[in-house]
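Colleague: Sharing a model that was predicted from the sequence below.
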Number of protein chains: 2
Amino acid sequence: MSISIPPQTLTGRDPKLAARAVGLPHSPIRKLADDATAARKRGTKVYQLNIGQPDVPTPPQFFEALRSFSEPVLAYGHSKGHSDLLEAWSGYYARKGLDVLPSQIQITVGGSEALWFAFILICDPGDNVVVSEPFYTNYFSLAMAVGVQLHPVASDPSRGYPLPARRDLEAAIDDRTRGIMICSPNNPTGTVLTRDEIATVVQIAEERDLFILSDEVYREFCYEGTHTSIWQYPQAGNRAILLDSISKRFSACGARVGALVSRNATVMDGALRLGQARLCTATVEQIAAARLMDLGDDYYSALADEYKGRRDLMCERLGHMPGVRFEKPAGAFYLMATLPIDDADRFCRWMLTDFAYEQQTVMMAPGSGFYATPSRGREEVRIAYVLEKPELDKAMTTLAAGLEAYPGRRPA
Amino acid sequence: MSISIPPQTLTGRDPKLAARAVGLPHSPIRKLADDATAARKRGTKVYQLNIGQPDVPTPPQFFEALRSFSEPVLAYGHSKGHSDLLEAWSGYYARKGLDVLPSQIQITVGGSEALWFAFILICDPGDNVVVSEPFYTNYFSLAMAVGVQLHPVASDPSRGYPLPARRDLEAAIDDRTRGIMICSPNNPTGTVLTRDEIATVVQIAEERDLFILSDEVYREFCYEGTHTSIWQYPQAGNRAILLDSISKRFSACGARVGALVSRNATVMDGALRLGQARLCTATVEQIAAARLMDLGDDYYSALADEYKGRRDLMCERLGHMPGVRFEKPAGAFYLMATLPIDDADRFCRWMLTDFAYEQQTVMMAPGSGFYATPSRGREEVRIAYVLEKPELDKAMTTLAAGLEAYPGRRPA
């Protein structure tokens, strides 16, 4: 089947990837996957605390909808999203006290595409967005892919990673800054922003004429007080873009259903045109996701109770490990801990390649991957508490043993 | 639930969208949707020949797989794609005589994301790709979204839209050109490139050090001779990026399953890192798509026979309409026709808003949307023959009546 070309035309050169593609990092959350596989092959049990993959069952309504799909042709859907899902998601927000119209929602391929759309809509190549650091690692990759820069502002680990000081956020804004980004409850820190902190962001955005990107995919995972949404600030109206996803709250990461939400009609029109460029999101998952939107308070409180119990257990165990520093996070299902080690990348790999305690080990995400600033995060790890408590307890025992045994341990 | 901010900080300004977002066009394929809805509300039957949505049933194996998914948690999949699908797709290519390894495949959210990945991987913002014109309209939107320009080179309608002359392609290449793009069988023209035409593209790419993007989503829709794939040119090895999708060949547009395929390990590594940035594609659809990859020759020949019959019918009917010019296309399920009208945008809209023949009308895609050059395509329409023959026949009768009645008709 091969077709030949006269060899004199062949130079044997290799064309080069674009600079932005060369610069894309491997996911720090997924890059140790091969080492984990090798550990398992040696018979070591690996507690996977590296990735935000919930273990809670997906609600059965989702699979019922999947099974009852009966169209003969799996056709393109509307580029904005399936009307059932738009209506149902609007209903979900209403039950949370947020008055969002279906027209203010653009369905996306997970929260990832919502973020991608937001970057494209507000930034031309070379523009930037200010974000507190550490941040969810894919912010960096998704921004870089579309020519957008992130301006990171350090958040203080010793105070539980609050919003950075106003003057520090303002100092990061330049004439190419088009937005300021928040994530609450936060991945990777678990921090829940206060009303005053969000009000500060709204004020800065007003004064400097910026968009606000608000990642609220962990809204249902708040263990102290209540969640504050950017949508509660109507005066931020045309500046606010809310990014959402069903992945975490419904344990449906593999459905790839998210949303970009805004009161700004120009943003929504741009999002629709971007949506048309990629046609639509998966039809069946949208119909199934719509069935989850009317789950009652019982579902969410049971979910939060489960994760709160895990958080408390993990903090209790970590609190007894010498040299480990952290603040108890108020939300999400992550915790950033500073460990008494030389280098978290080395430690996390060593746990998989060189260590086992009673034939068990722990997989975590090294902190450096959540920072854009090269020197930061070297002693930090992100731990996702996505296992049931008995498993989490054994994982913490294993981590404690690993910290004892690690050759690069720092003296207390 | 609203939270107030001191009013003195509020300027009431509206932040502006990025220039690239402002420039994104509405889909020419979908922009008449509201007019079609209004026509239907008036009781007019609308033959939808505007969109490449096949009416052939999705193979039942797909839905069986959907129904039998039994994992309790719908978890993230591997960023590269589900291993079952990678293996199965490799097997599909093998049955087509193409030796593609699973490692040379990156699963994407439809062919759209494959194209998006390709643009990001080979072009930095401001770089460009050369493409013959008319081209699939979303090439333009997807490129613009990621800061990539298209350099269009006119293809000749009177000769059935062949590959433009080599000198014209070469003249469109400048020092920011990173690739040359082909689509065979072509959307919107139905043209199937010859081996010599593809060999010319391979030679130009070699001489000018460019990537080749080859959109082959319509490979199974060839009615004269056989399809030639870029994969049959091993000497194009590290330059070739094949873009593929299950949407058309399996009538599964709403599944959103596509692939980027390359022998270039650097490209595949970049594609994986991009894949990690957006985590994964929908899990269940990948498992279901894997079940379709071993459909036999009978399936594909029945599919091609059906569409060939439709093509022949449509060409027969169009051939008898005075002033309508076209060449019989060899593949895909589209035809670009030059009509005896003042303006195809006006005509296509008029057909929906002002015309009906026996309470029927026809929806088509105006040609201008498939050109980047502003003056081109004004008298052309793209007609998708995605209805069964009796329906198509009635649609052609309706189109003929519309051309007779249209006030902007040109004299013969």
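Modeller: Nice, I can see it.

Colleague: How many residues are close by the closest residue to residue A:247 other than its chain neighbours?
Modeller: Leaving out its chain neighbours, the residue that sits closest to residue A:247 by Cβ to Cβ, 6 or more residues apart in numbering or on different chains is residue A:253, at 4.2 Å. (Glycine included, C-beta is placed from N, CA and C.) For residue A:253, the count of nearby residues is 25 (other Cβ atoms under 10 Å in any protein chain shown).

Colleague: So which other helices or strands are in contact with the helix of greatest length in chain A?
Modeller: Determined from DSSP state H, the single longest helix within chain A is helix A:297-319. Using 3 or more Cβ pairs under 8 Å, 6 or more residues apart in numbering or on different chains; DSSP states H and E as the contact test, the elements touching helix A:297-319 are strand A:334-338, helix A:389-405.

Colleague: where's the residue of the stretch 301-412 of chain A found nearest chain B relative to residue A:49, distance?
Modeller: The stretch 301-412 of chain A approaches chain B most closely through residue A:386 (10.3 Å), counting by Cβ to the nearest Cβ. Distance of residue A:386 to residue A:49, given as Cβ to Cβ, to the nearest Å: 7 Å.

Colleague: which residues touch residue A:31?
Modeller: residue A:369 (Cβ atoms under 8 Å, 6 or more residues apart in numbering or on different chains).

Colleague: On the three-state scheme, it is what?
Modeller: Assigned with DSSP: H, G, I helix; E, B strand; the rest coil, residue A:31 falls in the coil class.

Colleague: Run through the residues of the stretch 251-400 of chain A sitting next to chain B.
Modeller: Counting by Cβ under 8 Å from any Cβ of the partner chain, the residues of the stretch 251-400 of chain A close to chain B are A:251-256, A:264, A:266-267, A:270, A:273-274, A:276-285.

Colleague: Recalculate using a threshold of 7 Å.
Modeller: Within reach of chain B by Cβ under 7 Å from any Cβ of the partner chain, the stretch 251-400 of chain A has these residues: A:251-256, A:266-267, A:270, A:273-274, A:276-285.

Colleague: what about stretch A:342-354, distance to the chain center?
Modeller: 23 Å (Cα atoms, centre = their mean, to the nearest Å).

Colleague: What are the phi and psi values at residue A:209?
Modeller: Here is the backbone geometry of residue A:209 (degrees, to the nearest 10): phi 60, psi 60.

Colleague: I figured it was touching residue B:15, is that so?
Modeller: Yes - counting by Cβ atoms under 7 Å, residue B:15 is a contact partner of residue A:209 at 5.7 Å.

Colleague: Those two: who's more crowded?
Modeller: Higher neighbour count among residue A:209 and residue B:15: residue B:15, with 20 against 14, using other Cβ under 10 Å.

Colleague: Three-state assignment for that one, please.
Modeller: Going by three-state DSSP: residue B:15 is coil.

Colleague: Give the full set of residues in contact with the residue nearest to it when sequence neighbours are not counted.
Modeller: In space, residue B:15 comes closest to residue A:211 once its chain neighbours are excluded; the distance is 5.1 Å by Cβ to Cβ, 6+ apart. By Cβ atoms under 7 Å, 6 or more residues apart in numbering or on different chains, the contact list for residue A:211 reads A:122, A:178-179, A:205, A:239, A:241, B:15.

Colleague: closest to residue B:139 among those?
Modeller: Taking Cβ to Cβ as the measure, residue B:139 lies nearest residue A:122 of the contacts of residue A:211, at 23.5 Å.

Colleague: residues in contact with residue A:307?
Modeller: Counting by Cβ under 7 Å, 6+ apart, residue A:307 touches A:221, A:333, A:385.

Colleague: ok, 8 Å please
Modeller: Residue A:307 makes contact with A:221, A:223, A:333, A:385, according to Cβ under 8 Å, 6+ apart.

Colleague: Can I get stretch A:369-385 in CSV, CA atoms only?
Modeller: The C-alpha trace of stretch A:369-385 is given here as CSV (Å, rounded to 0.1, in the frame of the first residue of the first chain):
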residue,chain,number,x,y,z
GLY,A,369,3.9,20.9,39.6
PHE,A,370,1.3,23.3,41.2
TYR,A,371,3.7,26.2,41.0
ALA,A,372,4.7,28.3,37.9
THR,A,373,7.6,29.8,39.9
PRO,A,374,10.5,27.3,39.5
SER,A,375,11.8,27.4,43.1
ARG,A,376,8.5,26.9,44.8
GLY,A,377,6.8,23.8,46.2
ARG,A,378,9.9,21.7,46.6
GLU,A,379,9.0,20.5,50.1
GLU,A,380,5.2,20.3,49.4
VAL,A,381,3.0,17.4,48.3
ARG,A,382,-0.7,17.4,47.3
ILE,A,383,-2.6,14.6,49.0
ALA,A,384,-6.1,13.8,47.6
TYR,A,385,-8.2,12.1,50.3
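
Colleague: Check whether residue A:331 really touches residue A:227, as I assumed.
Modeller: Yes - using Cβ atoms under 8 Å, residue A:331 and residue A:227 qualify as a contacting pair, with a distance of 7.4 Å.

Colleague: Arrange the contacts of residue A:211 in CSV, one row each, with distance to residue B:164 and pLDDT as further columns.
Modeller: As requested, these are arranged in CSV below (distance: Cβ to Cβ, whole Å; pLDDT from 0 to 100):
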residue, distance to residue B:164, pLDDT
A:122, 37, 98
A:178, 38, 98
A:179, 41, 98
A:205, 48, 97
A:239, 46, 96
A:241, 41, 98
B:15, 42, 89
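
Colleague: care to break chain A down by domain?
Modeller: A:25-56+A:298-405, A:60-290 (automatic domain parsing).

Colleague: Let me see the mean pLDDT of the longest helix of chain A.
Modeller: The average pLDDT for helix A:297-319 rounds to 97.

Colleague: show me where chain A has strands.
Modeller: A:45-48, A:105-108, A:128-133, A:149-154, A:177-183, A:211-215, A:240-245, A:258-262, A:334-338, A:360-363, A:365-366, A:380-384 (DSSP state E).
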